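Colleague: Using only what follows, build the 3D model:
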Amino acid sequence: MSQDKNTVILEPKQLADFEAYLYDRENAEATIKKYKSDAGAFLRYLGEDCRADKSRVLAYKEWLIAHYAVNSVNSMLASVNQFLIFLGYRELTVKPVKVQRSLFLKEEKELSKGEYKRLIRTAQEEGKEQLALCMETIAATGIRISELQFFTVERVEQGRIEILNKGKYRRIFLTEKLRKKLLHFCSQTGVKAGQIFITRTGKPKDRSNLWKEMKKLKEKAGISGSKIFPHNFRHLFARVYYACTKDLAGLADLLGHSSLNVTRIYTSNTGEVYQKQLEKMSVLRI
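Modeller: Numbers count the residues shown, from 1 in each chain. Below is the predicted model:
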């Protein structure tokens, strides 16, 4: 219900309709949860009257900038914009914060192969074989965390993981070594059918519980917590694959990217790597 053409009144009950809309649009469950959560945060910011106009949305953008990192700000604004568009208030949407794309990874966030191996070893020493295998599976295939749910005993026995997610067909390739490790794990744990990576209650492993388990390894593994998050194993796969093949188009297919520009970000090196390469050049006279 709008007060005038420039001001609208939003209502918390609209979140349920927004959720249903996202579901009908076949968004991933994690995406739906995030969009709804971000839209709810925006409504709480507006206060009891939930009165919104362009100036208040811009003020919310400034508030986000003051409290969150730029990437988080843009992610939350994207959710709010989708909510406003769904309600028919496209004119109230705001532009994301402009970010100059960095050519380099931040050293404090890049997970090296050595650190990856230490994490695997630490998980195994702690008796967390499933966690170790989760990390190995992501690093060996380049899958998204949400795609772990498609790893079933039946698909692994066939030697291929073929999925249809959000209307897109995707095939995940398995090395024979990984296939054998997965089947051995199933044999040892008594998993005879269905999903391989599950919690004690039988629910699929997701980003949240994996992250919590991984973070507990940081002290014993001697690795900064800023480097330990599930998506970093996907980045590690991309860098290793590209270093071996220099095949950017093939890597994009394996990662499920529709844009090579996105894939280039995954293959970025740290500034330290470029510094070492520059030091090897001999164009200056001494």
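
Colleague: where does this structure dip in pLDDT?
Modeller: Low-confidence segments of the chain (pLDDT under 70): 1-5, 100-108, 165-167, 262, 265-286.

Colleague: hey, where'd the helices end up in it?
Modeller: Ranges of helices in the chain, per DSSP state H, are 14-24, 29-46, 54-67, 70-86, 113-125, 129-141, 153-158, 176-189, 207-215, 218-221, 231-245, 248-255, 260-266, 271-280.

Colleague: Tell me which of the ones you listed approaches Tyr169 most closely.
Modeller: Between Tyr169 and the helices of the chain, the tightest spacing by C-beta to C-beta is seen for helix 248-255, at 11.5 Å. Where you see a C-beta, it was placed from the backbone N, CA and C, and this is true even at glycine.

Colleague: From the contact counts, what lies against that closest one?
Modeller: helix 231-245, helix 260-266 (3 or more C-beta pairs under 8 Å, 6 or more residues apart in numbering; DSSP states H and E).

Colleague: Those into a markdown table, with extra columns for mean neighbour count and distance to Ser224?
Modeller: A markdown table is the format used below for the helices and strands packed on helix 248-255 (neighbours: other C-beta atoms under 10 Å; distance: least, C-beta to C-beta, whole Å):
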| stretch | mean neighbour count | distance to Ser224 |
| --- | --- | --- |
| helix 231-245 | 18 | 11 |
| helix 260-266 | 15 | 20 |
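
Colleague: quick one, which of those helices is nearest to Lys95?
Modeller: Checking these against Lys95 by C-beta to C-beta gives helix 260-266 as the closest, at 19.7 Å.

Colleague: now Gly225, nearest residue through space, not along the chain?
Modeller: Distances taken as C-beta to C-beta, 6 or more residues apart in numbering put Lys218 closest to Gly225, at 4.8 Å, once the chain neighbours are dropped.

Colleague: for Asn81, that is, sorry about that
Modeller: In this structure, Asn81 finds its nearest non-sequential neighbour in Thr93, 4.2 Å apart by C-beta to C-beta, 6+ apart.

Colleague: Quick check, that neighbour in contact with Leu84.
Modeller: Yes. Using C-beta atoms under 8 Å, Thr93 is in contact with Leu84, at 5.3 Å.

Colleague: which neighbours do those two share?
Modeller: Taking C-beta atoms under 8 Å, 6 or more residues apart in numbering as the criterion, Thr93 and Leu84 both touch Val57.

Colleague: Settle it for me: which of these two has more neighbours?
Modeller: Taking neighbours as other C-beta atoms under 10 Å, Thr93 and Leu84 compare with Leu84 leading, 21 against 16.

Colleague: And the more buried one, how far from Asp53?
Modeller: Leu84 sits 11 Å away from Asp53, going by C-beta to C-beta, to the nearest Å.
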